[in-house]
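Asks: Fold the following.
(one chain, ligands or ions: 1)
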Amino acid sequence: MKFGVLVSGTGTNLQALLDARARGELAPAEIAVVISNVRDAPALARATTAGVPAEVVEHRGFERAEFERRLGDALARHGVEAVVLAGFMRVLTAAFVARHPLRIINTHPSLLPAFPGLDAAAQALAHGVKLTGATIHFVDASLDGGPIIAQAAVPVMDDDDARTLHARIQREEHRLLPIIVRRLAAGQLSCQGRLVRGCAE
Ligand code: GRF
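Replies: Sure, this is the predicted structure:
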């Protein structure tokens, strides 16, 4: 199964996928292309270094529908069948999501449905929770919604700030994401097969 990975920033989750690929642990998933909406995203260099095609599809200056049309075209050009949002900082519309039903996954640094949106680690600290974590979920048109595929919990330490807590959460994201991408490609995540609860159908 050919994946497109959408990124906006540093790309440590992309790196976890690339490292798993290099170790031969991602098959039958292939990374066909990495696309960033941010021209100077460091994630792009990670793709290039690994020999994976990297493209920029900028959102700035484009209507949302036009941005998504160009994004969809770029994915289609690479034969992409499934999409990973790995620190992709745009919310996709229902129309885009509907074109890839149960084929778009996202990683989020909290135990959803707690703390959706930006700065999830800071939100966790502000609420004083003692456990937070990472969630991998199918994407729907809501913000960090969609059926949950996998979660891992991490403790919140007394001396954490948002940076140290996010780093601890990211270690779990990096561990989980390649496993889930491989399982999706292997057909082991189907909602019909009831392996993931909360699917609409
Ligand atoms: C990750 O923590 C992810 O959960 C969130 O954005 C962050 C991206 O980090 N959506 P990176 O670019 O993969 O390092």
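Asks: And the ligand, is stretch 167-179 touching that?
Replies: Yes. Using CB under 6 Å from any ligand atom, stretch 167-179 reaches the ligand at 170, 173. Placement of C-beta: from N, CA and C, glycine included.
Asks: Find out how far that stretch is from the centre of the chain, if you would.
Replies: Put simply, stretch 167-179 sits 11 Å off its chain's centre (CA atoms, centre = their mean, to the nearest Å).
Asks: repeat for stretch 79-99
Replies: Per CA atoms, centre = their mean, the centroid offset for stretch 79-99 relative to its chain is 9 Å.
Asks: do the same with stretch 142-150
Replies: 11 Å.
Asks: what distance separates the start and the end of stretch 95-103?
Replies: Separation of the first and last residues of stretch 95-103 by CA to CA, to the nearest Å is 14 Å.
Asks: which residues touch that stretch?
Replies: Residues outside stretch 95-103 that contact it (CB atoms under 8 Å, 6 or more residues apart in numbering) are 65, 68, 71-72, 81-83, 104, 138-141, 184, 189-191, 199.
Asks: How about the secondary structure of residue 153?
Replies: For residue 153, the secondary-structure state derived from DSSP: H, G, I helix; E, B strand; the rest coil is strand.
Asks: quick one: the longest helix seen in the chain to chain centroid distance?
Replies: If you go by DSSP state H, the chain has its longest helix at helix 162-185. When C-alpha coordinates are averaged (CA atoms, centre = their mean), helix 162-185 and its chain have centres 9 Å apart.
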